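*Asks:* The sequence and its predicted three-dimensional model are supplied below.
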Protein chains: 2
Amino acid sequence: MIRIGIDLGGTNIAVGAVDDGHAIVSRVSVPTLARRPAAEVVGDMGDAVEAALAKAGLSIGDCRSIGIGSPGTCNSAAGVVERAYNLGWDHVPVCRMLEERFHVPCRLSNDANCAALAEQVAGAAVGHDNVVLITLGTGVGGGIIIGGKIYDGMRGAGAELGHTLLVLDGEPCTCGRRGCWEAYSSATALIRQARQAAAEHPESLLAGAEEITGKTVFDAADRGDETANAVVDRFCDYLGAGVTNIVNALAPEVILIGGGISRQGERLLAPVRRYVEKNCFGGKDGAIPIIAAARLGNDAGIIGAAAL
Amino acid sequence: MIRIGIDLGGTNIAVGAVDDGHAIVSRVSVPTLARRPAAEVVGDMGDAVEAALAKAGLSIGDCRSIGIGSPGTCNSAAGVVERAYNLGWDHVPVCRMLEERFHVPCRLSNDANCAALAEQVAGAAVGHDNVVLITLGTGVGGGIIIGGKIYDGMRGAGAELGHTLLVLDGEPCTCGRRGCWEAYSSATALIRQARQAAAEHPESLLAGAEEITGKTVFDAADRGDETANAVVDRFCDYLGAGVTNIVNALAPEVILIGGGISRQGERLLAPVRRYVEKNCFGGKDGAIPIIAAARLGNDAGIIGAAAL
């Protein structure tokens, strides 16, 4: 028997058939074309499920369940995507829609929660029951696993860890509040911080770069550029401060960092660990978690959705 | 059958026999005399248990379990108080010590967690499974109930919600970090804020007060004192900002405010609710919890410990 995992994104719908060992045995990806009516998108999700099954030489009778990881606020208990701005979805009962077609149990959670679950069942947090995954991308996403299960609070609105404060009334955040962690620790924020530094330091490699990405900044730092190193150091402090908040509030056994920037490995993780040891409640005697990079990359969405 | 709840404080040991309806049927309080050897304190806890039973006309055979709420970091699974600075305790296996005397199951948790559990089983949060209690006193204490159970993370070190950030590198906090919520929203912080305002505004009622307490500030605000009202308004913003963090991170159904200041009722709660509605993720469409005052006051420690 297999389970289907659907990673529903603003750009693509990625569907995988996942075996009991959490391996993806076949996969299909189709464009989301997000601004269409939800029924059309869900129709294409269903077609992709059939295609993924066919590719593995399976039929729906071999499928134990279908899991969906969606952006936005997902009410798991109801199987409803409450709000997903980048899909233009408002109260879409996606589980019921797929169950009517396939007659197989369908489950739903937010994509960040699915990624956290994937790391807990098959990635960098195997063997640990209380895990937090932070994804650094356009924003700062959060997934919380408590007692081996996703915790996302009332109507799935919790785990928005990127929208806890770093600086009251600080940098404006996309959510409308000011000073959220996301406004300091997302990839977007790093690029903004690097641009500002480049403007102030025309001698820096950053000032000469055609386009600044997260990787540009870390590469320049690697090559000994002082300005880039200062930007990276400060970015690691911001990240460490938010991770320390998670340690003090939730004391999970493992905190994982995902998203493109997490590929920087120890240049990012070592300073974050030092920051947490210095600043968390109880200091070195405190509940210092394992702090590591997420391992499953883009597969986490499918594997986590299948494991719902 | 009854359960015993022990509220172990830096000043007093309060012991109660609690019936199945969570009512305290008898109670005994003895001084902690905190700086003695732990074995002596635990000996007095045991004597107080026997006294509370005798007062209710009961014996240990009528007792289902003994629960202990202790300050500091408590490892519930091991039944060990890991560190409690104001008791001078370091790794005290309090459950084992009481079990050897009474041969009844003993359970342990942090006092803030016990207070949260009490409100969930018998106070302002009855009927809700996901609850956070914030206690405003010398510090800002936190208790988290998830799925009807205390959640306190690895070795009981979590739920230190007072030690999440409001302002990176802001006011110094007792924990050694700077900018923690506790440094802005504790009763101690309110008094500091009022003293500063009094020094800047000699015309204020606050400047004339012999001693400033939390109540002095709210009383002066009630009497129309502009400076006091500005202090209270800003204090409510700080409190609202921290409560908003909890909403975004955990989306509990209920957030309760306890401690002496919570007796100010709507003067405190109404602005906090407005702040949360304006600033939480999703705004008025977000997962706005019930925000209310805790109800059980000083009894919460005993009732919660008994319910462990």
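*Replies:* Okay, I see it. Everything numeric in this text was worked out from a predicted model, so none of it was measured. Numbering: from 1, shown residues only, chains lettered A, B, ... in the order given.
*Asks:* Setting the sequence-adjacent residues aside, check what's closest to A:H201.
*Replies:* Leaving aside its sequence neighbours, A:H201 sits nearest to A:T227 (C-beta to C-beta, 6 or more residues apart in numbering or on different chains; 4.2 Å). C-beta coordinates here come from the backbone N, C-alpha and C atoms, glycine included.
*Asks:* Now the element after the helix or strand hosting that neighbour, going C-ward?
*Replies:* Using DSSP states H and E, A:T227 sits in helix A:226-250. Next along the chain after helix A:226-250, taking DSSP H and E as the criterion, comes strand A:254-258.
*Asks:* tell me what that following strand is packed against?
*Replies:* helix A:111-122, strand A:131-136, helix A:226-250, helix A:266-279, strand A:290-293 (3 or more C-beta pairs under 8 Å, 6 or more residues apart in numbering or on different chains; DSSP states H and E).
*Asks:* Rebuild these as a markdown table, extending it with mean neighbour count.
*Replies:* Listed next are the helices and strands packed on strand A:254-258 as a markdown table, based on neighbours: other C-beta atoms under 10 Å in any protein chain shown:
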| stretch | mean neighbour count |
| --- | --- |
| helix A:111-122 | 28 |
| strand A:131-136 | 27 |
| helix A:226-250 | 23 |
| helix A:266-279 | 18 |
| strand A:290-293 | 19 |
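*Asks:* closest to B:E50 out of the ones you listed?
*Replies:* helix A:226-250 (38.3 Å; C-beta to C-beta).
*Asks:* sorry, back to before: now the helices and strands packed on strand A:254-258 as CSV including mean pLDDT and distance to B:T32?
*Replies:* Formatted as CSV, the helices and strands packed on strand A:254-258 follow (pLDDT from 0 to 100; distance: least, C-beta to C-beta, whole Å):
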stretch, mean pLDDT, distance to B:T32
helix A:111-122, 97, 42
strand A:131-136, 97, 36
helix A:226-250, 98, 27
helix A:266-279, 97, 31
strand A:290-293, 98, 37
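*Asks:* and of those, who's closest to B:E100?
*Replies:* With C-beta to C-beta, the closest approach to B:E100 among the helices and strands packed on strand A:254-258 belongs to helix A:226-250: 33.5 Å.
*Asks:* Distance from the chain centre to that closest one, please.
*Replies:* 18 Å (C-alpha atoms, centre = their mean, to the nearest Å).
*Asks:* before we move on, what about stretch A:119-138?
*Replies:* Here stretch A:119-138 is found 10 Å from its chain centre; the criterion is C-alpha atoms, centre = their mean.
*Asks:* does any bit of it sit next to chain B?
*Replies:* Yes: part of stretch A:119-138 sits near chain B under the criterion C-beta under 8 Å from any C-beta of the partner chain, namely A:N130.
*Asks:* Pull up the residues of the stretch 101-250 of chain A that are close to chain B.
*Replies:* Residues of the stretch 101-250 of chain A lying near chain B by C-beta under 8 Å from any C-beta: A:130, A:142, A:146-147, A:151-161, A:163-168, A:170, A:175-177, A:238, A:241, A:244-245, A:248-250.
*Asks:* Now do A:T138, the pLDDT please.
*Replies:* For A:T138, the model assigns a pLDDT of 88.
*Asks:* neighbours of it, just the number please.
*Replies:* Per other C-beta atoms under 10 Å in any protein chain shown, the neighbour tally for A:T138 reads 14.
*Asks:* same question, A:A221
*Replies:* 23.
*Asks:* And A:A77, by the same measure?
*Replies:* Look at A:A77: counted by other C-beta under 10 Å, it has 9 neighbours.
*Asks:* do the one 5 residues further on as well
*Replies:* Here the number of neighbours of A:E82 (other C-beta under 10 Å) works out to 20.
*Asks:* swap in A:D44?
*Replies:* 17.
*Asks:* helix, strand or coil for it?
*Replies:* Classification of A:D44 using DSSP: H, G, I helix; E, B strand; the rest coil returns helix.
*Asks:* My read is that it contacts A:I13, right?
*Replies:* Yes: using C-beta atoms under 8 Å, A:D44 and A:I13 qualify as a contacting pair, with a distance of 6.3 Å.
*Asks:* quick one on the thing from earlier: quick one, the helix holding A:T227 and helix A:266-279 angle?
*Replies:* 50 degrees (axes from the mean of the first three to the mean of the last three C-alpha atoms, to 10 degrees).
*Asks:* and the angle from helix A:226-250 to strand B:131-136?
*Replies:* For helix A:226-250 against strand B:131-136, the angle by the same axes, to 10 degrees is 100 degrees.
*Asks:* and helix A:226-250, what does it pack onto?
*Replies:* strand A:131-136, strand A:140-146, helix A:182-185, helix A:187-200, helix A:205-208, helix A:214-222, strand A:254-258, helix A:266-279.
*Asks:* now those in a markdown table, with distance to B:R195?
*Replies:* Below are the helices and strands packed on helix A:226-250 laid out as a markdown table (distance: least, C-beta to C-beta, whole Å):
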| stretch | distance to B:R195 |
| --- | --- |
| strand A:131-136 | 38 |
| strand A:140-146 | 37 |
| helix A:182-185 | 32 |
| helix A:187-200 | 37 |
| helix A:205-208 | 46 |
| helix A:214-222 | 44 |
| strand A:254-258 | 38 |
| helix A:266-279 | 27 |
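*Asks:* B:L256 is nearest to which of those?
*Replies:* For the helices and strands packed on helix A:226-250, proximity to B:L256 was assessed by C-beta to C-beta; strand A:140-146 is nearest, at 20.2 Å.
*Asks:* Who does that closest one pair with, and is each partner parallel or antiparallel?
*Replies:* Applying DSSP bridges, strand A:140-146 is found paired with strand A:131-136 (antiparallel), strand A:149-150 (antiparallel).
*Asks:* confidence score at the residue of the stretch 51-200 of chain A found nearest chain B?
*Replies:* In the stretch 51-200 of chain A, the residue found nearest to chain B is A:G153; the distance is 2.7 Å by C-beta to the nearest C-beta. Model confidence at A:G153, given as pLDDT, is 94.
*Asks:* OK, contacts around it?
*Replies:* A:159, B:130, B:250-252, B:287 (C-beta atoms under 8 Å, 6 or more residues apart in numbering or on different chains).
*Asks:* hmm, back to that, can you list the helices and strands packed on strand A:254-258 in TSV and add distance to B:D90?
*Replies:* Listed next are the helices and strands packed on strand A:254-258 as TSV, based on distance: least, C-beta to C-beta, whole Å:
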stretch	distance to B:D90
helix A:111-122	33
strand A:131-136	28
helix A:226-250	20
helix A:266-279	20
strand A:290-293	25
